[in-house]
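Enquirer: Test case, fold it:
(chains A and B)
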Amino acid sequence: GALVYQYPRRTICKSGTSMRMECQAVGFQATSVAWYRQSPQKTFELIALSTVNSAIKYEQNFTQEKFPISHPNLSFSSMTVLNAYLEDRGLYLCGAATGPQDTQYFGPGTRLLVL
Amino acid sequence: QQKVQQSPESLIVPEGGMASLNCTSSDRNVDYFWWYRQHSGKSPKMLMSIFSNGEKEEGRFTVHLNKASLHTSLHIRDSQPSDSALYLCAARATSSGQKLVFGQGTILKVYL
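Expert: Residues are numbered from 1 along each chain as shown, chains lettered A, B, ... in the order given. As a prediction, the model looks like this:
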């Protein structure tokens, strides 16, 4: 079956520091990987969508300078939260799919707490 | 910008009862809807997806879609306490590839 792993599951960082999180797809080829954030009391916001061999598309209010993403192959993606502040806390989800018309499978998420 | 509206915000049903959740998109280019369930502290798990008019049933779950009104609904019959969770509706427009837009969710509580 299709599985998506995320690491770490929970992390705490000091305000102003950076945190890198990883996403691993197992059992299928993750042609596209979407990174979302669920802030407290909010729904999931798409940060960016990465498709292999295409440019990474960032949503409004999210930038590459703040959330650089790497998607080097069909099973792995990473995203860094640079210069994290209180408003960056939340659950960061990775959603991976084989193709543009396929179901997105989510990992367990990385919960980020900023002190 | 596309919006996905879910209603009600929260729903309480007795064990064995029927829970009905609604979702509407404002984007006429939307062609696919997903329903996800998220238990507290967990990541969302896909329940069902639908892209054709009509209904689709899997066990206790039934999904309806009206493409003309861009409205989908999820019905859970014989609700169980373990169904208590946040239910998220996600919509995707044809041209947007894997970009999903999520609604705010409906919190379902099933009591004994």
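Enquirer: and chain A, which residues reach chain B?
Expert: Where chain A comes near chain B, counting by Cβ under 8 Å from any Cβ of the partner chain, the residues are A:32, A:34, A:36, A:42-46, A:49, A:51, A:57, A:60, A:91, A:93, A:95, A:97, A:100-109. Bear in mind the C-beta positions are built from the backbone N, C-alpha and C, glycine included.
Enquirer: PyMOL command to pick out the buried ones of those residues?
Expert: This is the PyMOL syntax for the buried subset of the residues of chain A next to chain B, where burial follows 16 or more other Cβ atoms under 10 Å in any protein chain shown:
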select buried, chain A and resi 32+34+36+43+44+45+46+49+51+91+93+95+97+103+104+105+106+107+108+109
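Enquirer: Run a quick neighbour tally on residue 40.
Expert: Chain wasn't specified; assuming chain A. The burial metric for residue A:40, expressed as a neighbour count using other Cβ atoms under 10 Å in any protein chain shown, is 7.
Enquirer: try chain B instead
Expert: Neighbouring residues of residue B:40 were enumerated by other Cβ under 10 Å; the total is 8.
Enquirer: Next: residue B:39.
Expert: Using other Cβ under 10 Å, residue B:39 has 13 neighbouring residues.
Enquirer: What sits closest to it if chain neighbours are left out?
Expert: Using Cβ to Cβ, 6 or more residues apart in numbering or on different chains and skipping residues adjacent in sequence, the residue nearest residue B:39 is residue B:85, 4.7 Å away.
Enquirer: Which strand residues bridge that neighbour?
Expert: Using DSSP bridges, the bridge partners assigned to residue B:85 are residue B:108.
Enquirer: Okay, it and chain A: tell me how far apart.
Expert: 14 Å (Cβ to the nearest Cβ, to the nearest Å).
Enquirer: Tell me the spacing between the nearest residue to residue A:76 once chain neighbours are set aside and residue A:49.
Expert: Beyond its immediate neighbours in the sequence, the residue positioned closest to residue A:76 (Cβ to Cβ, 6+ apart) is residue A:24, lying 5.7 Å away. Spatial separation of residue A:24 from residue A:49 under the definition Cβ to Cβ, to the nearest Å is 18 Å.
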